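Visitor: sequence plus predicted model, see below.
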Amino acid sequence: MKLTTITQFGARLSLAKLHIKALLKASKENNEKINHIIYLVDPGNLLLLEYLKGVSNKHDNITLLTRDDNTFTNFKRLKKRAPYGGDCNYDFLIRQPEVNDIFLTLHDDSIITTENLYKDIISAMKNSDFSGYIDTRREIDGYHDILIDNERMSDIRLGTWFTCGNTDTYLENNYHIGDYRNYWKYYLMAKYGFSQRLKFHRQKVWLNGGFDLNIRARLNGKRFNIISDKKIAYHLTKITGFFASEKRNLLGYADSKEEVSKWKDYVSSLIGDTEQLEHDYKFMMNLASVFESEEIFDPLLNKKTLKEIFNP
């Protein structure tokens, strides 16, 4: 059995360095049984593109793809809800010829901590078709109201930050892992064959990452394993979304010479909004601590610069 890791990169150069450093370290033990696909969501981030090109050129088992290669994802439909493709990109990536027996989807803010990734994934997939972690740090309230076999989807939905699966099973059943739509519950009931195992407690249901895999595969009798007894990785959570949010709209300046000044302008616009300032400062300082602990320098996300921006 061979494993393919699939990571989307979109946030920034420093995070990519942290992710790849941890991923390659964890893959070293069984390097001949693992290959990696790295996907850049925005080829306009030239610093990140050059870094990922260098990583791909250095390692024979790493394939670099970008949005320019992606003819599968419907970017027009996702323009407002996931302009860079979001989890829908995994449906393109899992279908690539480089993907081996088992795939593992990762975000660039998924940080591998195990010393032997291959061994742990093979163990997690034993007697299972799909395995992974749930999104415990980012709950979506509506998923409390979707139930399969009387279990809340919020308690059993595998997060795309760490979902592994049998590639043939995924492709043969034409599963999908990205959606980003509101549905009337009656439409979904019909779509999933009016199964009595599936219940909705709301009239409208929002589905995004992880669907329809987390519903349809269970209804099809596929075996799911929720990893809870082993620390294979941790999730820094929604870093790309933090910068890309409509409120900030600063992802386009990531790793650019203008980024610090743009953040100063943004912070100035928040004067008086103490709650938002504290939230953003705490989030960014946490990232700065992580990077500094790994001796990775980020021109924006370092404690000195952040103190100057938020406390001028």
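Guide: That came through fine. Numbers count the residues shown, from 1 in each chain.

Visitor: only C-alpha atoms for contact and neighbour calcs from this point on.
Guide: Will do.

Visitor: list the buried residues for stretch 127-135?
Guide: Buried positions in stretch 127-135, judged by neighbour count with 16 or more other Cα atoms under 10 Å: 128-135.

Visitor: dump those residues into JSON lines; add distance to Thr113, secondary structure and pLDDT as well.
Guide: Below are the buried residues of stretch 127-135 laid out as JSON lines (distance: Cα to Cα, whole Å; DSSP: H, G, I helix; E, B strand; the rest coil; pLDDT from 0 to 100):
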{"residue": "Ser128", "distance to Thr113": "22", "secondary structure": "coil", "pLDDT": "96"}
{"residue": "Asp129", "distance to Thr113": "23", "secondary structure": "coil", "pLDDT": "98"}
{"residue": "Phe130", "distance to Thr113": "20", "secondary structure": "strand", "pLDDT": "98"}
{"residue": "Ser131", "distance to Thr113": "17", "secondary structure": "strand", "pLDDT": "97"}
{"residue": "Gly132", "distance to Thr113": "15", "secondary structure": "strand", "pLDDT": "96"}
{"residue": "Tyr133", "distance to Thr113": "14", "secondary structure": "strand", "pLDDT": "94"}
{"residue": "Ile134", "distance to Thr113": "17", "secondary structure": "strand", "pLDDT": "89"}
{"residue": "Asp135", "distance to Thr113": "17", "secondary structure": "coil", "pLDDT": "75"}
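
Visitor: so what's the nearest residue to Tyr186 once chain neighbours are set aside up against?
Guide: Spatial nearest neighbour of Tyr186, excluding adjacent residues (Cα to Cα, 6 or more residues apart in numbering): Gln203 at 8.0 Å. By Cα atoms under 8 Å, 6 or more residues apart in numbering, the contact list for Gln203 reads 184-186.

Visitor: ok, Leu52 next?
Guide: Contacts of Leu52 by Cα under 8 Å, 6+ apart are 38, 64.

Visitor: report pLDDT for it.
Guide: Here the pLDDT value assigned to Leu52 is 97.

Visitor: could you measure from it over to Thr5?
Guide: According to Cα to Cα, to the nearest Å, Leu52 stands 15 Å off from Thr5.

Visitor: with Thr113 instead?
Guide: Thr113 is 15 Å from Thr5, where distance means Cα to Cα.

Visitor: with neighbour numbers in mind, choose between the two.
Guide: Thr5 (23 against 15; other Cα atoms under 10 Å).

Visitor: the more buried one contacts Phe103, correct?
Guide: Yes - using Cα atoms under 8 Å, Thr5 is in contact with Phe103, at 5.8 Å.

Visitor: overlap of the contact sets of the two?
Guide: Joint contacts of Thr5 and Phe103 (Cα under 8 Å, 6+ apart) do not exist.
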